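Q: sharing a model that was predicted from the sequence below.
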Amino acid sequence: MFSITSWIRLEPRCRNDDMNAGLQARIYDPLWLLARQWQIGEFQGEDNGSPAAVRWQGEAARFTRYYPAILPDKNPVDGQPFDGNLIPLETLVEREQVRPERPSPEKFRFAIDASQQFFRMLQQQDVSQDYREVFRNTYPFDLLSVVDRSAMDPESLSFIDLVAPRSVDGRKLYAAMRASLRPAPPAKPGLPPNLPIGHGDIAEVQLAAEAWLQWYETFASEPTAANPAWSPERMEYGFSMAARITGGEKVLRSCEYYSGHLDWYDFNVDDGASLRAVNDPQSAPITRTAIPAPITYPGMPAVRFWEFEDARVDFGAVDAGPEDLVRMLLIEFAISFGNDWFVMPVELPVGSLCRASMLAVTNTFGERYIIRSSNAMGGRFAAWRMFQLSSPPQPGTASVITDANADLFFVAPALPQTLESVPVEEVMLLRDEMANMAWAVERVIESPVERPLNRFEQQRYAMPAAPGQSEHLVYHLATRTPDNWVPLLPVQTKTGLRLQRGKVLKTGGSRQFVTARGKLLNPQGPDSPLAICEEEVPREGVRITRHYRLARWQDGSTHLWIGRRKAVGRGEGSSGLKFDSILE
């Protein structure tokens, strides 16, 4: 079978109202068509036969190591074990602590919901009486101090004053149950001794408590400590993964992840780095034999003359100028060479690094050809690359693809889709050219009852009434800025210019400092320093958010965690800050 392509396009055309002659598409000189085909060389059969069978061989190595931070320069580190079948990569990278470690003026709603879940599990057991009052008296909520109440919004205070006295503090309940049911050897597990539980109900209450502990600890996916993958100075995630493939260990690193979805283009091959995966399971060989199928796509030219084509895709309407080479090549491929491409399916394990070693094609004449990769052919073919991993760029240079990494293909253990909540925290980083500085504007923070709290609205309702007009002029060293605007002051460090988080002194008699209250600007606590790289705050600004995310993995497990995003801001802003002003 030969593939014959005609360079002459025939279109039926009729000059009268009768369409019968045009639809017949008569050919008055078939010999002339045959002569033209002989003249342009279509009878030589240069295209050979169509592919009838394809045999592909390769290898796939699963990622077995994970390091949640930026790797040191060429120094081997111990990566923690990783199994992509158990947890998605986005969950592992983004997750942070959700459950409170100890009773504190936050996470009140979670503490109340957790205690209600405990009583629902207790009701499923055959107990002789209701123990709600017993647990309420044993693990009550602590009274808020005056300082804690003054820092809360009215909605959170109303919720706490109404619900907390009638509920059990789930944080205290978890700490007591974990200490008694999971004691250190040689102590025996059992209920806390201070609980007055009837002798006949001890087994049932203990069974409900153990099930509740399992629910409490698996409710959300979170690390044991603060997430080291998040870089506060860059407002991005950085991590590395390793797999053992033929030829040695391969380390992939991602230094600028902030979009919420991971894929192969977020990674670079870090040659020379090691997560000590040399003793982990090696790659497994894969062999696939299949019958290739022609590639089809919407709007593809029909192979039959009388077949109606898809009118939703009109390649003739594409406007391409003389300099649009890529666009013209795409149209040329779609119209002229679309029937020259074939595809064969190859199933690869999720979360693996793959490499193709051989591709053999057998055509309809029984001839067998070994197809080499574009990298192996060299020359001008080596420039044709798709889905290939590159090495991280060196300072002052662009990223490159080495010959050792040109045949690698990465199947990321990433999620196709997730459910996201509204932002529980939102911060805008922007430039203020009038004040010659940068600001971090906390628009939304997470309230003590885990609800988005608008700091601007909170400040507007809390502002005192404006005093009456005065006839005297008053000198102001600096005008007052909004309470949710946190200054970022330029500081020169050994590693370059940084924007360090500062404080604003309230004008008036209070002498209080306005500081950041959210977790994005307080990575390690209110007193911890924060210095953002100066290049991370461009003129267009940056918007950073925290979301609750929910997804289901390939094994059917459900994962809930808190992740962070970074997106383009809304441009420059003005805080209204002025120095040395005289006002009435």
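A: Alright, I've got the coordinates. What you see is a predicted model, and the numbers here were worked out from it, not measured in a lab.

Q: Pro349 versus Leu505, what's the distance?
A: 58 Å (C-beta to C-beta, to the nearest Å). C-beta coordinates here come from the backbone N, C-alpha and C atoms, glycine included.

Q: check Leu262 too.
A: For Leu262, the distance to Pro349 equals 17 Å [C-beta to C-beta].

Q: comparing the two, which residue is more hemmed in?
A: With neighbours defined as other C-beta atoms under 10 Å, Leu262 and Pro349 compare such that Leu262 has more, 21 against 15.

Q: give the contact list for that one.
A: For Leu262, the contact set (C-beta atoms under 8 Å, 6 or more residues apart in numbering) comprises 89-90, 93, 254, 412, 414.

Q: a markdown table for those, including pLDDT and secondary structure?
A: Shown next, in a markdown table, are the contacts of Leu262 (pLDDT from 0 to 100; DSSP: H, G, I helix; E, B strand; the rest coil):
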| residue | pLDDT | secondary structure |
| --- | --- | --- |
| Leu89 | 94 | helix |
| Glu90 | 94 | helix |
| Val93 | 95 | helix |
| Ser254 | 92 | strand |
| Ala412 | 91 | coil |
| Ala414 | 91 | coil |
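
Q: turn these into CSV, columns for neighbour count.
A: Listed next are the contacts of Leu262 as CSV, based on neighbours: other C-beta atoms under 10 Å:
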residue, neighbour count
Leu89, 24
Glu90, 24
Val93, 22
Ser254, 21
Ala412, 24
Ala414, 17
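
Q: out of the residues you listed, who's nearest Arg431?
A: Nearest to Arg431, judged by C-beta to C-beta, of the contacts of Leu262 is Ser254 at 27.7 Å.

Q: from Gly366, how far out is that closest one?
A: Counting by C-beta to C-beta - Ser254 and Gly366 are separated by 47 Å.

Q: per-residue confidence at Asp130?
A: Asp130 carries a pLDDT value of 88.

Q: and for it, the neighbour number?
A: Neighbours of Asp130 (other C-beta under 10 Å): 10.

Q: kindly state the domain boundaries assigned to the protein.
A: In the domain annotation for the chain, the residue ranges read 1-47, 49-91+231-295+341-416, 108-218, 419-583 (automatic domain parsing).

Q: CSV for the ones you listed, including distance to Glu323?
A: Listed next are those as CSV, based on distance: least, C-beta to C-beta, whole Å:
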stretch, distance to Glu323
domain 1-47, 26
domain 49-91+231-295+341-416, 20
domain 108-218, 57
domain 419-583, 28
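
Q: what ranges does the stretch 201-350 of the chain have for its helices?
A: Ranges of helices in the stretch 201-350 of the chain, per DSSP state H, counting those that start in this stretch, are 202-218, 325-336.

Q: sketch out the low-pLDDT regions of the stretch 1-150 of the chain for me.
A: In the predicted model of the stretch 1-150 of the chain, residues 1-15, 19, 21-25, 40-42, 44-48, 74, 101-103 satisfy pLDDT under 70.

Q: confirm Phe141 sits in a helix?
A: No - remark: Phe141 does not belong to a helix; assigned using DSSP: H, G, I helix; E, B strand; the rest coil, it is coil.

Q: roughly how far apart are it and Glu450?
A: As judged by C-beta to C-beta, Phe141 and Glu450 stand 15 Å apart.

Q: what's the answer for Phe387, then?
A: 41 Å.

Q: please apply the same query to Leu325.
A: According to C-beta to C-beta, Leu325 and Glu450 sit 54 Å apart.

Q: now do Phe315
A: Phe315 is 53 Å from Glu450, by C-beta to C-beta.
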